[in-house]
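**Q** only geometry, no sequence info:
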């Protein structure tokens, strides 16, 4: 009985300490002269932002700087350890004038954080851990603490990027953690994002995972046109990374609607960008459907955990 009481007491203390975690956060800027966005992430943030400069250019917007710090498969924990160790393992990409360039292939986290007075800094969990909340609780406040310490703009908005569930046929090594069930993985990710939004004061979410799941219920999903054994399946090119046509375009539309509309007042709906500067051009009809899925995701995303 005594051991049981001690165990219960320890759990209550842990719950109280968890509830006491508070992160200072700030709203998105309102019509800034220059909007500066930094993504601290991995290949999923690369997928999400690759076509964002093209959408900005097509919208006639030339006052947005977008950058991304990339390490493949990088988790929240690894970002923190990279900072602590001072290692230079990031590739640092930056778009000024709506054109991507590689700034450095040997960057540190601090190099990207200090490069600009960022208005918005996005963070995310690695895809394999995105539906496992234990991987969020310690490392979100630690990473945000690093950002607050090193970023030149003390009022930067910290925004969460919601990743997507794998294709139903994915052979990713972490898919068995979700029973190799796409719906189960999506719901686990959604639950984690909802909890993190409330626990860590992250009111703005870029719901790429929501947009992808919505699009999988439309003709954009290709599972009726390719065999289930194909790696190009359900808007992915390998079972987990987005296709370079509709998948990445859809995600970029979601970033645009979640960040550009509330800051600069322009929606992605009706954007004429069709990827004509790439080898993956899309039709106006498909572009419009991607845009609608993105808008629906941003509008409908409502945290469900109270």
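**A** Nice, thanks for sending it over. Computed from a predicted model, the values in this text were never measured in an experiment.
**Q** all contacts plus neighbour counts: C-alpha atoms, from now on.
**A** Noted.
**Q** residues in contact with residue 76?
**A** 124, 125, 126, 135, 136, 139, 140, 143 (Cα atoms under 8 Å, 6 or more residues apart in numbering).
**Q** Was I right to think the third one contacts residue 74?
**A** Yes - taking Cα atoms under 8 Å as the contact criterion, residue 126 and residue 74 are neighbours in contact, 5.8 Å apart.
**Q** between these two, what contacts are shared?
**A** 41, 42.
**Q** Just the element for residue 91, please.
**A** Assigned by DSSP states H and E, residue 91 belongs to strand 90-96.
**Q** Just the buried positions in the helix or strand that that strand is followed by, please.
**A** Elements were assigned by DSSP H and E; along the chain past strand 90-96, the next helix or strand is strand 99-107. Across strand 99-107, burial judged by 16 or more other Cα atoms under 10 Å covers 100, 104, 107.
**Q** dump the residue contacts of the residue nearest to the first one when sequence neighbours are not counted.
**A** Just to be clear, that refers to residue 100. In this structure, residue 100 finds its nearest non-sequential neighbour in residue 94, 5.5 Å apart by Cα to Cα, 6 or more residues apart in numbering. Listed by Cα under 8 Å, 6+ apart, the contact set of residue 94 reads 65, 66, 67, 68, 100, 101, 102, 103.
**Q** one more time with 10 Å
**A** Residue 94 is in contact with 37-38, 65-69, 100-104, 112, counting by Cα atoms under 10 Å, 6 or more residues apart in numbering.
**Q** Same check on residue 77?
**A** Counted by Cα under 10 Å, 6+ apart, residue 77 has contacts 125, 126, 135, 136, 138, 139, 140, 142, 143.
**Q** What residues sit buried inside the helix or strand encompassing the last one?
**A** Spelled out, that is residue 143. Using DSSP H and E, residue 143 falls within helix 139-150. Residues of helix 139-150 classed as buried: 139, 140, 141, 142, 143, 144, 146, 147, 148, 150 (neighbour count, 16+ other Cα under 10 Å).
**Q** what about that helix, average pLDDT?
**A** Taken as a whole, helix 139-150 carries a mean pLDDT of 98.
**Q** From the contact counts, what lies against the next helix or strand after it?
**A** Sequence-wise, the next helix or strand downstream of helix 139-150 (DSSP H and E) is strand 157-161. With contacts defined as 3 or more Cα pairs under 10 Å, 6 or more residues apart in numbering; DSSP states H and E, the packing partners of strand 157-161 are strand 35-41, helix 43-49, strand 120-123, helix 139-150, helix 182-199, strand 205-206.
**Q** Can I get those in JSON lines including distance to residue 292?
**A** Below are the helices and strands packed on strand 157-161 laid out as JSON lines (distance: least, Cα to Cα, whole Å):
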{"stretch": "strand 35-41", "distance to residue 292": "23"}
{"stretch": "helix 43-49", "distance to residue 292": "16"}
{"stretch": "strand 120-123", "distance to residue 292": "23"}
{"stretch": "helix 139-150", "distance to residue 292": "31"}
{"stretch": "helix 182-199", "distance to residue 292": "20"}
{"stretch": "strand 205-206", "distance to residue 292": "15"}
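**Q** right, so of those, which gets closest to residue 228?
**A** Ranking the helices and strands packed on strand 157-161 by proximity to residue 228 (Cα to Cα) places helix 182-199 first, at 13.6 Å.
**Q** which stretch of helix or strand covers residue 253?
**A** Here residue 253, judged by DSSP H and E, is contained in helix 246-255.
**Q** How far away from the center of its chain is that helix?
**A** 11 Å (Cα atoms, centre = their mean, to the nearest Å).
**Q** Reformat the contacts of residue 77 as CSV; add distance to residue 83.
**A** Below are those laid out as CSV (distance: Cα to Cα, whole Å):
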residue, distance to residue 83
125, 16
126, 17
135, 18
136, 17
138, 15
139, 12
140, 14
142, 11
143, 9
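**Q** Please identify which two of those are farthest apart in space.
**A** The widest separation within the contacts of residue 77 (Cα to Cα) is 15.8 Å, between 126 and 142.
**Q** Residue 202: which element?
**A** Counting by DSSP H and E, there is no helix or strand that carries residue 202.
**Q** Low-confidence regions, this protein specifically.
**A** The chain contains residues with pLDDT under 70 at 1-20, 302-306.
**Q** The nearest residue to residue 57 once chain neighbours are set aside: what's it in contact with?
**A** Once flanking residues are discounted, residue 57 sits nearest to residue 98: 6.1 Å by Cα to Cα, 6+ apart. Contacts for residue 98 (Cα under 10 Å, 6+ apart) come out as 51-58, 61-66.
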